[in-house]
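Visitor: pasting a predicted model and its sequence here:
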Amino acid sequence: MKTKIYSSLILTLLFAQKVHGDCLYDKYLRHCSCSLLELNNIMSILPCAAASSFEFNGGTFINTEDFSLVNIEMVWSLGISLTKISFVNVVLSEDFLAAFIRVIFQVPVDLLSFENTTFVGQAVGFDLTASPPLIQSLQFINVSSNPLIEKDSSFYRFGNWMSMLKNLTVKESQLRGVSCDVTLHFQSLSTLDLSENLLTDDSVSSILCNGAFPNLQTLKLRSNNFSDYETLCQAVSRRNQLKHLDLSLNDFAKTSNSLCEWQPSLSHLNLSNTGLEQVGINLPPNCEVLDLSHNRIEFFNISLPKLRELYLSFTRLFTLSSMGHMPLLQILAVDGNPIKMLEVSQIQTFKNLRNFKGDNIPYTCSCSFVKEMKEMSMSDLMVQGWPDGYICDIPETLKGKLVNDVKHSLFDCHTQLLTVIICIVILILCVSVVICFVKICRSNKTRSQCMDAGNSNNL
């Protein structure tokens, strides 16, 4: 069978130079872009035989009679590894999906992606429980149906394939929940991205039920309808290999102190844009990267001895004093905060700091601040956004001027001292004038007395 396929492919390639299909091939990126209909045209696909990634954009395949994938099986039956196969802006039946996976059954594919896709129908007579395809990652972005996730009858036909998947993404697809019976099958999954859906606190317990995702290392729940930090923490804390957790763009404004204990494995936590007003929540003890940007935090004081990166951009901090115990901190971002008085000594308390971001702040450009900022920008510390993002707000005479362009005069920086010195000089001059005046008066009086005495003797 293989010999016939090789022979057919060689004969077809001999005539391929005379045929020009609608597929576009970028030989530098090894990327092929076709319309969905080109799947039926072997002459269009052949120029892309050396491609490592394919994109099929636009088209509809609903009825099984409308498509035939036998031709392209010759191209992909040689076992060439593919980095990505994507379907964009298409309408597909589940029968098509089943047939397509059967065609690329033994072709190693890093990622199979469906974007802006509508799935219709229900596949029948298709079973992958015996031997799964060689697909590592599956991605759904803005799909109108999730046949492999929400429909149990469809899901079970893919059996072992789901248990072998390493990465799964379901984004922007109005996903409201996944049953525990389904999630229990993902035994090898290391990355799960369910961002920008309609998940709630009630659904997270079934998604992250006991025994589900035992090897999960990265979990992204960005921009859903979560509001109970404690419930999420309890559900997530069952994953003892989890390292990266993204809870950004949810609403935890009403969150009070949390007693939940995170797994020691969790090292990256993203809580940006979650409405937090204080950091009274329990944080992972071994956290190395913490993002609290775009919140309402006015005061920050925590103890995270392993923290290396801290992002507090566009919160409501007024000072950096008493930030807590973070001896290993290397990256600090506080840009966009109303910190009018920034003392460089506060930054220098972090002995291991290598990167500082403090632009978009209404600075009070005192002499000491300007001098220290200029010195810090010339040190080993990388000051991001310098100098264009560092602008004076006070005093009024320097408003809108770059900190790096400010050149204070001697009087500007030592006004009080110079005022005292001037006052002293004036006082000394006044005293000197008085003394001179007294001396002159005494001298004139003595001279007058002498003249009067001389006149008396002459008489």
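Guide: Good, I have the coordinates. Being a predicted model, the structure only gives us computed values, none of them experimental.

Visitor: where's the closest residue to residue 259 other than its chain neighbours relative to residue 244, distance?
Guide: Once flanking residues are discounted, residue 259 sits nearest to residue 282: 6.5 Å by C-beta to C-beta, 6 or more residues apart in numbering. The C-beta positions use only the backbone N, C-alpha and C, and glycine is treated the same way. Applying C-beta to C-beta, to the nearest Å, the value for residue 282 to residue 244 is 18 Å.

Visitor: so which helix or strand of the protein has the lowest pLDDT on average?
Guide: The helix or strand with the lowest mean pLDDT-type score in the chain, counting by mean pLDDT, DSSP states H and E, is helix 2-16 (a mean of 37).

Visitor: can you tell me what sits against the helix or strand that that helix is followed by?
Guide: Downstream of helix 2-16, the first helix or strand assigned by DSSP states H and E is strand 24-26. Strand 24-26 has contacts (C-beta atoms under 8 Å, 6 or more residues apart in numbering) with 31-34, 47-48, 51.

Visitor: okay, and which of those residues map to strands?
Guide: Residues from those lying in strands, with DSSP state E as the criterion: 31-34.

Visitor: turn the residues you listed into CSV, columns for neighbour count and distance to residue 234.
Guide: CSV is the format used below for the ones in strands among the contacts of strand 24-26 (neighbours: other C-beta atoms under 10 Å; distance: C-beta to C-beta, whole Å):
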residue, neighbour count, distance to residue 234
31, 17, 44
32, 24, 47
33, 19, 46
34, 23, 47
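
Visitor: ok, so of those, who is nearest residue 309?
Guide: residue 31 (33.8 Å; C-beta to C-beta).

Visitor: the nearest residue to the closest one once chain neighbours are set aside and residue 434, how far apart?
Guide: Closest residue to residue 31 in three dimensions, ignoring its sequence neighbours and counting by C-beta to C-beta, 6+ apart: residue 53, at 4.8 Å. Here the distance between residue 53 and residue 434 works out to 95 Å (C-beta to C-beta).

Visitor: so which residues of the chain form helices?
Guide: For the chain, the helices identified by DSSP state H occupy 2-16, 42-45, 73-76, 94-103, 152-155, 159-164, 180-183, 201-207, 229-236, 344-348, 367-377, 410-413, 415-458, in order along the chain.

Visitor: any idea which of those helices scores lowest on pLDDT?
Guide: By mean pLDDT, the lowest-scoring of the helices of the chain turns out to be helix 2-16, with a mean of 37.

Visitor: before we move on, the earlier item: could the ones in strands among the contacts of strand 24-26 go into TSV alongside pLDDT?
Guide: As requested, those are arranged in TSV below (pLDDT from 0 to 100):
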residue	pLDDT
31	92
32	91
33	92
34	89
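
Visitor: show me which of those residues is closest to residue 266.
Guide: residue 31 (36.6 Å).

Visitor: run through the bridge partners of the closest one.
Guide: Under the criterion DSSP bridges, residue 31 forms beta bridges with residue 26, residue 53.

Visitor: so it is in contact with residue 82, correct?
Guide: No - using C-beta atoms under 8 Å, residue 31 is not in contact with residue 82, being 10.8 Å away.

Visitor: point out where the stretch 151-300 of the chain drops to low pLDDT.
Guide: Under the criterion of pLDDT under 70, the regions of the stretch 151-300 of the chain flagged as low confidence span 151-160, 256, 258.

Visitor: would you list every one of the strands in it?
Guide: Counting by DSSP state E, counting those that start in this stretch, one finds strands in the stretch 151-300 of the chain at the ranges 167-171, 191-193, 218-220, 244-246, 268-270, 289-291.

Visitor: output these as JSON lines; include the columns distance to residue 41 and mean neighbour count.
Guide: Written out in JSON lines, the entries for these read as follows (distance: least, C-beta to C-beta, whole Å; neighbours: other C-beta atoms under 10 Å):
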{"stretch": "strand 167-171", "distance to residue 41": "30", "mean neighbour count": "19"}
{"stretch": "strand 191-193", "distance to residue 41": "34", "mean neighbour count": "21"}
{"stretch": "strand 218-220", "distance to residue 41": "38", "mean neighbour count": "19"}
{"stretch": "strand 244-246", "distance to residue 41": "42", "mean neighbour count": "20"}
{"stretch": "strand 268-270", "distance to residue 41": "45", "mean neighbour count": "19"}
{"stretch": "strand 289-291", "distance to residue 41": "48", "mean neighbour count": "20"}
